[in-house]
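Visitor: when you get a sec, could you give me coordinates for this:
(4 chains)
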Protein chains: 2
Amino acid sequence: MTEAIATSKTRRVYLTLRERITSGELTPGTRLPSEPELAAFHDVSRVTIRRALAEIEREGLISRRPGAGTFVTSRMVKRPIVADLSNALAHLAEMGKATGVRLLQFGYVEPTAEVAEALRIDTSERVQRSVRLRIADEEPFSYLVTHVPSRIGVTYTETELASLPLLTLIERTGTKVDRATQTVTATLARPDVAEALGVEIGTPLLSLTRVVFDVRGRGIEHLTALYRPDRYSFQMDLVRIDAGGDRLWSPADRAGAASMATAD
Amino acid sequence: MTEAIATSKTRRVYLTLRERITSGELTPGTRLPSEPELAAFHDVSRVTIRRALAEIEREGLISRRPGAGTFVTSRMVKRPIVADLSNALAHLAEMGKATGVRLLQFGYVEPTAEVAEALRIDTSERVQRSVRLRIADEEPFSYLVTHVPSRIGVTYTETELASLPLLTLIERTGTKVDRATQTVTATLARPDVAEALGVEIGTPLLSLTRVVFDVRGRGIEHLTALYRPDRYSFQMDLVRIDAGGDRLWSPADRAGAASMATAD
DNA sequence: CGTATTTGTCTTATAGTGTATACAAATAGC
DNA sequence: GCTATTTGTATACACTATAAGACAAATACG
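Guide: So this is what the prediction gives:
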């Protein structure tokens, strides 16, 4: 709609064609339209099409043969991790994934307005801020930024945070974790996040924001998790049930729905 | 990581600064760093910074005063719709949103490999494909592509689809809808979707894919929903429970979790 | 074999993006 | 009022992206 600052034509074409392949619309072995055809369809020059195809070829998704055409490669499907039934971290273990954490930042800061509001504290009250990278099979898949009121943050060390789940550390001290609100959205990878996750700037990311409260309604933890959608996504099974005359969807089992929450 | 086909510097800066404002990190009234400072920080020229700021100003997020600086506007927060407790469509109604649907495409086609595999049918078996746009308060917020086996698709008309929920039409015929699998991810807006949703190409979108089965395990519906994250996101409340020695998250109530599913 | 098609390579031209620099005009603060 | 700072404006230049076209080389297929 708005003209704004557009992405380049090459990139648009690149993203579009790449998506058609990775989504499964174009199966391995399929021949793509010829370069002139693609150029006409996307309303760009052949040079632009070729640049986009060159990049996709470099990624190994297609192979091009002079005189023959461009073909979708029988790609090795790098199946994304899926938060599923049962605890997500346990689920990763089942899949034989070696999962780990790298602590990127740790310190005490003044909270941003957003965090302060969510945790219901004053902007002047200092909070512990940590940035962690979660890794499965040597490959990072989520970027976690947590904010914790300092009175709770001081109960564990930087080293402990680098190895144990944050909620475990919090509950260890006797804090009564009661409930949480979480929101799932999509955003773009900003420079720092992009570098950590090994993606390009401007890549789409799954975003989960969770605010945790104790039994007295006090804010305990503010978590923002950014996931690489090609390596991680949320999945759930649903069953159709009758509810007061209406038919509704319900989670197939409680553990399944819970996994979305425990997936850091 | 990969160099690929990068987005322009202006766009990177634009996205970064814009995000810092809309995320709440920079509150209304705050003064941004001066243009030379921003240029040094982002490692671009001042001209590039100015182009990015000009666009953000055009969107009304900042105002610039010569000699004084650039300030975050007391913006009108266009609160995004949030799929919440209780049926999502009902939820929209509660919020006073006038929600509607526009049927963009309707026809019978051969399914893509992805759809065929998900519905467990043959690629040669024709399916009904529809593209709908869901609108709230005159503004589109979701782009829906559905694929339905033709034996089910023929039981309702194009007109009916333009006004009633698809599952209602399906169940009306006596089809026993049993269960579904759904996956939530993030993608980029492709040209056609971008135009329909009124966003720029390359914008991040929330993506939900749901595959519905009947009691006999036959695929009934394949739905891909793309949401504008600034107008729609998923939210759920969780409670911390004991489960076999471990402490886990559980949906605050079943209806809440179900709303995610019923939110088209 | 011979022809049409396809990818690969090259040239030329135009528009867009990014940088560097200088100076003007408005503002804030002392 | 004076000065430092900030945004506004203009110019010149380098580099990249895009386009249009021509031709070569490889392939498929009747």
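Visitor: next, count neighbours for the closest residue to DNA strand D within the stretch 1-150 of chain A.
Guide: Nearest to DNA strand D in the stretch 1-150 of chain A, going by CB to the nearest atom of the strand, is A:Gly67, at a distance of 2.3 Å. Every residue, glycine included, has its C-beta placed from N, CA and C. A:Gly67 has 4 neighbouring residues, counting by other CB atoms under 10 Å in any protein chain shown.
Visitor: out of everything not next to it in sequence, what's closest to whatever residue of the stretch 151-264 of chain A ends up closest to DNA strand D?
Guide: In the stretch 151-264 of chain A, the residue that lies nearest DNA strand D is A:Glu200 (13.3 Å; CB to the nearest atom of the strand). The spatial neighbour of A:Glu200 that comes closest, neighbours along the chain excluded (CB to CB, 6 or more residues apart in numbering or on different chains), is B:Ala4 at 5.7 Å.
Visitor: mind checking how far the residue nearest the centre of chain A is from chain B?
Guide: Chain A has A:Tyr227 as the residue nearest its centroid, 1.4 Å off, counting by CA atoms, centre = their mean. Counting by CB to the nearest CB, to the nearest Å, the separation of A:Tyr227 from chain B is 8 Å.
Visitor: return the distance of the residue nearest to that residue when sequence neighbours are not counted relative to B:Leu205.
Guide: Leaving aside its chain neighbours, A:Tyr227 sits nearest to A:Leu206 (4.1 Å; criterion: CB to CB, 6+ apart). According to CB to CB, to the nearest Å, A:Leu206 stands 11 Å off from B:Leu205.
Visitor: if we can go back for a sec, next one: phi and psi at the residue of the stretch 1-150 of chain A closest to DNA strand D?
Guide: Per-residue torsions, A:Gly67: phi 90, psi -30 (degrees, to the nearest 10).
Visitor: who's in contact with A:Pro140?
Guide: A:102, A:133-134, A:196-198, A:228 (CB atoms under 8 Å, 6 or more residues apart in numbering or on different chains).
Visitor: that one is in what secondary structure piece?
Guide: In this structure, A:Pro140 is located in strand A:139-149 according to DSSP states H and E.
Visitor: got the CA positions of that strand in PDB?
Guide: Extracted in PDB, the C-alpha atoms of strand A:139-149 (Å, rounded to 0.1, in the frame of the first residue of the first chain):
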ATOM      1  CA  GLU A 139      22.500 -24.500  15.100                       C
ATOM      2  CA  PRO A 140      20.800 -21.500  16.900                       C
ATOM      3  CA  PHE A 141      17.100 -21.500  16.600                       C
ATOM      4  CA  SER A 142      15.900 -19.000  19.200                       C
ATOM      5  CA  TYR A 143      17.000 -15.700  20.700                       C
ATOM      6  CA  LEU A 144      15.700 -15.000  24.200                       C
ATOM      7  CA  VAL A 145      15.600 -11.700  26.000                       C
ATOM      8  CA  THR A 146      14.500 -11.900  29.600                       C
ATOM      9  CA  HIS A 147      13.800  -9.100  32.100                       C
ATOM     10  CA  VAL A 148      13.500 -10.100  35.800                       C
ATOM     11  CA  PRO A 149      13.000  -7.700  38.800                       C
END
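Visitor: run through who's touching whichever helix or strand comes after that strand.
Guide: The first helix or strand that comes after strand A:139-149 along the chain, using DSSP H and E, is helix A:150-153. Here helix A:150-153 makes contact (CB under 8 Å, 6+ apart) with A:108, A:125-128, A:170, A:173, A:175, A:220.
Visitor: how about stretch A:181-198: buried residues?
Guide: By neighbour count on 16 or more other CB atoms under 10 Å in any protein chain shown, the buried set for stretch A:181-198 is A:182-190, A:193-194, A:196-197.
Visitor: near chain B at all, it?
Guide: Yes - Stretch A:181-198 lies within reach of chain B by CB under 8 Å from any CB of the partner chain, at A:181-188, A:190-191, A:198.
Visitor: which stretches in the stretch 151-264 of chain A count as helices?
Guide: Listed in chain order, the helices of the stretch 151-264 of chain A (DSSP state H, counting those that start in this stretch) span A:158-161, A:166-172, A:191-197, A:254-262.
Visitor: DNA strand D contacts on chain A?
Guide: Within chain A, the positions near DNA strand D by CB under 7 Å from any atom of the strand are A:8-11, A:43-48, A:51, A:65-68.
Visitor: just the buried ones from these, in ChimeraX syntax?
Guide: Remark: buried members of the residues of chain A next to DNA strand D, expressed as a ChimeraX selection using 16+ other CB under 10 Å:
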select /A:8,9,10,11,44,48,51
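Visitor: which residues does the residue nearest to A:Val184 when sequence neighbours are not counted bridge with?
Guide: Nearest residue to A:Val184, sequence neighbours excluded (CB to CB, 6+ apart): B:Phe234, at 4.2 Å. Beta-bridge partners recorded for B:Phe234 (DSSP bridges): A:Val184, B:Ala83.
Visitor: pretty sure B:Phe234 contacts B:Val184?
Guide: Yes - B:Phe234 lies in contact with B:Val184 (CB atoms under 8 Å); the separation is 7.0 Å.
Visitor: shared neighbours of those two, anything?
Guide: Between them, B:Phe234 and B:Val184 share the contacting residues A:184, B:206, judged by CB under 8 Å, 6+ apart.
Visitor: where does the prediction get shaky in chain A?
Guide: Low-confidence regions of chain A, defined by pLDDT under 70, span residues A:1-3, A:75-98, A:243-246, A:252-264.
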